[in-house]
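Visitor: just the structure for this:
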Amino acid sequence: MEEKKPKRGAKQAANPGRASRVNWRWVGSITVLSCLTSASMSYISSEALNNAGNIVAVILLLVFIAIGILFDLIGIAAASATEKEFHSMAAKKVAGAKEAVWLSRNANKVSSICNDVVGDISGIISGATGAIIVAHLTQGMGVFATTLISLTVTGLIAALTIGGKAVGKGFGLGYSVQIVFAVGRLLALLPIRLDKNR
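Guide: Got it, this is the predicted structure:
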């Protein structure tokens, strides 16, 4: 009786460790990118807030919150869209279609950069900016007033960030194709070279 050979899928299922191999090169790259991005955004925010008034500080805070929400939306859209939706456009040489294929094909890296790097760093910088705003507002005030203003600002930042990301998640899932294509068209205009074979 002829011995049955195990199916390819069964072999992979029996050794799941191979499928979840850590890409240390990517981990190193994303760590360095996180460090550089965090340092640059911290520098920009601190320099802008040194001699800025409260109105400018609040505007800068809203900008950082908006950046976090926007990139979170892009990361979710990239993870939701599939590259087959852009192949026909790429065949017709529609501007941005090849970039959209790359984004959906590399959804893991794109979502990692958008959600984990830019999104999380924006949240950290938003908190630091909020602390500076509280320090400006509470100069000369008592402990109770300082605590009340600090809790209020912290609560507003958290509400705007969480609420904005909740809305963005709905848009990212519902309009994933349109969002990824729009980002692809933007990338096509920029002097950025992507490895289309990856």
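
Visitor: what secondary structure does the spatially most central residue of the chain sit in?
Guide: Among the residues of the chain, the one closest to the centroid is Cys114, at 2.0 Å (C-alpha atoms, centre = their mean). Recorded secondary structure, Cys114: helix (DSSP: H, G, I helix; E, B strand; the rest coil).

Visitor: can we start the residue count at 44 from this point?
Guide: Fine by me, first position is 44 from now on; the one you just mentioned is Cys157.

Visitor: what sits closest to it if chain neighbours are left out?
Guide: Using C-beta to C-beta, 6 or more residues apart in numbering and skipping the chain neighbours, the partner closest in space to Cys157 is Gly118 (3.3 Å). In short, each C-beta sits where N, CA and C put it, glycine included.

Visitor: so which bits of the host helix or strand of Ile192 are buried?
Guide: Using DSSP states H and E, Ile192 maps to helix 186-217. Across helix 186-217, burial judged by 16 or more other C-beta atoms under 10 Å covers Thr189, Ser193, Val196, Ile200, Leu203, Thr204, Gly207, Lys208, Gly211, Lys212, Gly215.

Visitor: which pair of those residues spans the longest distance?
Guide: Thr189 and Gly215 (38.0 Å; C-beta to C-beta).

Visitor: what pLDDT does Gly213 get?
Guide: Model confidence at Gly213, given as pLDDT, is 91.

Visitor: do the same with Thr74
Guide: On pLDDT, Thr74 comes in at 82.

Visitor: and if you look at Glu45?
Guide: 49.

Visitor: before we move on, what about Arg51?
Guide: For Arg51, the pLDDT comes out at 46.

Visitor: pull the contacting residues for the residue nearest to Cys157.
Guide: By C-beta atoms under 8 Å, 6 or more residues apart in numbering, the contact list for Gly118 reads Val153, Ser154, Ser155, Ile156, Cys157, Asn158, Gly162, Gly215.
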